[in-house]
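> Turn this into a model:
(2 chains)
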Protein chains: 2
Amino acid sequence: MDFVSIPKRKNESWISEYSTENLKLSMRIKNIIHTEKTPYQDLLIADSYEYGKVLMLDGAYQLTERDEFCYSEMMAHVPLCAHVKPEKVLIIGGGDGAILREVMKHKNISRCTLIDIDERVIECSKKFLPEQSCAFNDSRAEIKCMDANKFINETSEKFDVVIIDSTDPVDFAANLFQAGFYDAVKKIMAPDGILTELTESPFIDTNLMKQAINQMREIFPIVKMYWGVVPTYPSGFWTYGAASLSGDPAVPLRTVDNTRYYTNEIHKASFILPPFLSELIY
Amino acid sequence: MDFVSIPKRKNESWISEYSTENLKLSMRIKNIIHTEKTPYQDLLIADSYEYGKVLMLDGAYQLTERDEFCYSEMMAHVPLCAHVKPEKVLIIGGGDGAILREVMKHKNISRCTLIDIDERVIECSKKFLPEQSCAFNDSRAEIKCMDANKFINETSEKFDVVIIDSTDPVDFAANLFQAGFYDAVKKIMAPDGILTELTESPFIDTNLMKQAINQMREIFPIVKMYWGVVPTYPSGFWTYGAASLSGDPAVPLRTVDNTRYYTNEIHKASFILPPFLSELIY
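Modelled structure (predicted):
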C-alpha cells in the first residue's frame, strides 16, 4: 500500500490519493485504524485530523466522516425525490452504507437492496464506521455480497430507483460505465424507474465522464447530468448522471428531512450546468 | 520557500499548498518558471502538468490557468450583472489581472481601477501569464500599486462595484475582512453599489468565513452569500460574500458573453445554499 507515506516530520503520518499521476491530495492522520487486502482490493481506514475517519479502497478516498454527506445525499435524494412513488431501491456498490442510510430517510421505501461484491467493505464499515453503516440493521435493508452483474441477470424483481455507487471503473468495476450494463439495469427497472451514478470530475476524468453520459444516452430516453462539491474527491467538482424511463430527474416531487446538503432547491440548482461542463456533454 | 518539494522520484518535482497543517494539495510540475521574494510575499510561478501555469503567493495557490475562470467569473459577473448600471469598478488586489479581464467583458464599464500593493505580482503576470493579464492594456484600466487602505481613505471617487480579491487575510491583508475596512469601502461606493469578496471555505476556514459575513452585516443593509467550486482552492468548496446598498445581488439584471462558468442561471443557483452552509451563517 504505497499510498501510506512514511512520516515526513517527526510524529507525522500522512495518507495520499493520487487523483492522477500529477495531482495528489494528502491528509495528516492520527493513526491507521485498519488495513487489509480483501479478495478484491486494498482497504484502509484511518483517522485524519481534517476530515475524521477516512475509508480508502485501492488508494482512492471513498468517504470521509466529514464530507460524505455531500455525495451520499445527492446520490440518494435526487432520484428518490424525483420519482413519482419510490418503494423499491437497488444500490450497486455502496458497501460503506452511507447511501443506504440516506435512502432509509424516505418513509415510503419498503425495501432497499444493496449489492456489494466485497463483503469486507461491509464488515469493516459495520465495525469502524458506525455513522455510515447505521442503516444495515434497518428491517427494510437487504444486503447481498455478490457480483452486481450476476444479480441483475438473475433477479426477477423490478426497482423504482437504482443507485450505482461503484469504485473507479477499473478491474471488477470496469463495465459499470458501459451501455451493456445500463441495458441490463434498464431491464430490472420499473416503468417510472430512475438511475443515478457517479460520473466523475470534468477536470480530472473528462473522457470517462463523457463516456458514461453517452453510454447512458444509448439506453435511456431521458439522461441528464447534475453536479455538486465533494471536497475529498478529485478536484472537488463532481458530476452525477441521472437516467430516467419517464419522469424528469431534475424536478423534485417530494421532500426529505434531516439533510445537510440536499434540499429541493439544491436539487433543481444542481442540474444547472456551467457552460464549460455542458459543452463537454452536449 | 519550503512549499517547493525536492524531487520524490527521479525527475519528479512537486509543489504543495498546505490548506491547513493537516491537509495538502500537491501538483507535479514540469518546471519552475519564476520565483522571487517581493517586498510583500514569496512569489512562485510554475508550469504544472495538471493545471497549467500556477501562481503561488506565500505557498498558497492564487490561480492556475486551467481553473481560474471558476472564481474570476463568479467574482466579476455576479456583482456586475446584479448592478442596475455598472460603470466604474474598483478591484482591490487581483494583481494577476484575471478578474480585470472578466470585468472588461462588460461593454458598459467606463473605467476599472485595480489597486494591488505588490507591483511585482502585476509585472510577473504581465510577463508570464498573458491569458490572465491581457486586460492591463485596456484603455479603461487604471492600475495603482499602493496600499488599498490609503487609496480608499484618500480618493474622492465613487464606485458602482467593488471587488475584493485579496490573499488570505494575514499580514498586510489582515484587515480586509473587518467591519472597519468595509465601512471605509462603503464610503466610496455609489448609491446602488455592490461589493463582493472571497469568503473562504466552510470546510477549511469556517470561522473566517463567518467573521467576514458577520462584519459585512454590521455595515451593509443587504448581505448575501453565494458559492461555487474552485478545484485548486482549499477543499474546492468556495464561498463569496455579496454586500449591497440597495439592489438584491442574487438577481441578475444583465447578461455577459464569452463565459465558461458564469451564466444568469448559475448566478441565481449560486445563492441557493446547502443547509450545512446556511446554518453556519444565519
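
> hey, where'd the strands end up in chain A?
Assigned by DSSP state E, the strands in chain A fall at A:13-20, A:23-37, A:42-48, A:52-57, A:60-64, A:88-93, A:111-115, A:141-144, A:159-165, A:189-198, A:222-229, A:237-244.

> Other residues contacting stretch A:106-118?
A:38-41, A:43, A:80, A:85-95, A:97, A:100, A:103-104, A:122, A:138, A:140-148, A:151, A:157, A:159, A:172, A:254, A:256 (Cβ atoms under 8 Å, 6 or more residues apart in numbering or on different chains). Yep, even glycine has a C-beta here, placed from its N, CA and C like the rest.

> Can you give me the buried ones in stretch A:246-266?
Within stretch A:246-266, the residues scored as buried using 16 or more other Cβ atoms under 10 Å in any protein chain shown are A:247, A:249-250, A:252, A:256, A:259, A:261-264, A:266.

> now the helices: where do they sit in the stretch 51-200 of chain A?
A:68-82, A:98-103, A:119-128, A:130-133, A:148-154, A:179-187 (DSSP state H, counting those that start in this stretch).

> among those, which is nearest B:Ile188?
Among those, the nearest to B:Ile188 by Cβ to Cβ is helix A:68-82 (38.8 Å).

> angle of the closest one against strand A:60-64?
Inter-element angle recorded for helix A:68-82 and strand A:60-64: 80 degrees (by axes from the mean of the first three to the mean of the last three Cα atoms, to 10 degrees).

> tell me the contacts of the residue of chain A found nearest chain B?
Scanning chain A for the residue nearest chain B gives A:Gly236, at 2.1 Å (criterion: Cβ to the nearest Cβ). Neighbouring residues of A:Gly236 by Cβ under 8 Å, 6+ apart: A:201, A:229-230, B:229, B:231, B:235-237.

> again, only this time at 7 Å
A:229-230, B:229, B:231, B:235-237 (Cβ atoms under 7 Å, 6 or more residues apart in numbering or on different chains).

> Geometric centre of chain A: which residue is closest?
Centroid-nearest residue in chain A, with Cα atoms, centre = their mean: A:Asp165, separated by 3.2 Å.

> Identify the residues contacting that one.
So A:Asp165 contacts A:75, A:91-94, A:99, A:198 (Cβ under 7 Å, 6+ apart).

> A:Pro86 - nearest residue in space that isn't next to it in sequence?
A:Asp160 (4.4 Å; Cβ to Cβ, 6 or more residues apart in numbering or on different chains).

> right, and the one you found touches A:Gly193 too?
Yes - with contact defined as Cβ atoms under 7 Å, A:Asp160 reaches A:Gly193; the gap is 5.9 Å.

> low-scoring stretches of the stretch 151-282 of chain A, by residue?
Applying pLDDT under 70 to the stretch 151-282 of chain A flags the ranges A:168-174.

> Can you verify my assumption that A:Ile194 contacts A:Val78?
No - using Cβ under 7 Å, A:Ile194 is not in contact with A:Val78; the gap is 8.5 Å.

> Overlap of the contact sets of the two?
A:242, A:249.

> just to revisit the earlier point, keep only those of the buried residues of stretch A:246-266 that are also close to chain B.
Among those, the ones lying near chain B by Cβ under 7 Å from any Cβ of the partner chain are A:259, A:261, A:263, A:266.

> Look at A:Phe3 and report its pLDDT.
Listed pLDDT for A:Phe3 reads 52.

> Equivalent analysis for the one 4 residues further on, please.
Reading off the confidence values, A:Pro7 has pLDDT 48.

> Also A:Glu12?
87.

> And for the one 3 residues further on?
In this model, A:Ile15 is scored at 96, pLDDT.

> how many neighbours does it have?
Around A:Ile15 there are 21 other residues, counting by other Cβ atoms under 10 Å in any protein chain shown.

> which residues touch A:Ala135?
By Cβ under 7 Å, 6+ apart, the residues touching A:Ala135 are A:97, A:100-101, A:104, A:141.

> Return the distance of it relative to A:His267.
For A:Ala135, the distance to A:His267 equals 21 Å [Cβ to Cβ, to the nearest Å].

> which parts of the stretch 101-250 of chain A sit against chain B?
Going by Cβ under 7 Å from any Cβ, the residues of the stretch 101-250 of chain A near chain B are A:203, A:229, A:231, A:235-237.

> which of those residues sit farthest apart?
Spatially, the most separated pair among these is A:Phe203 and A:Pro231, at 13.8 Å (Cβ to Cβ).
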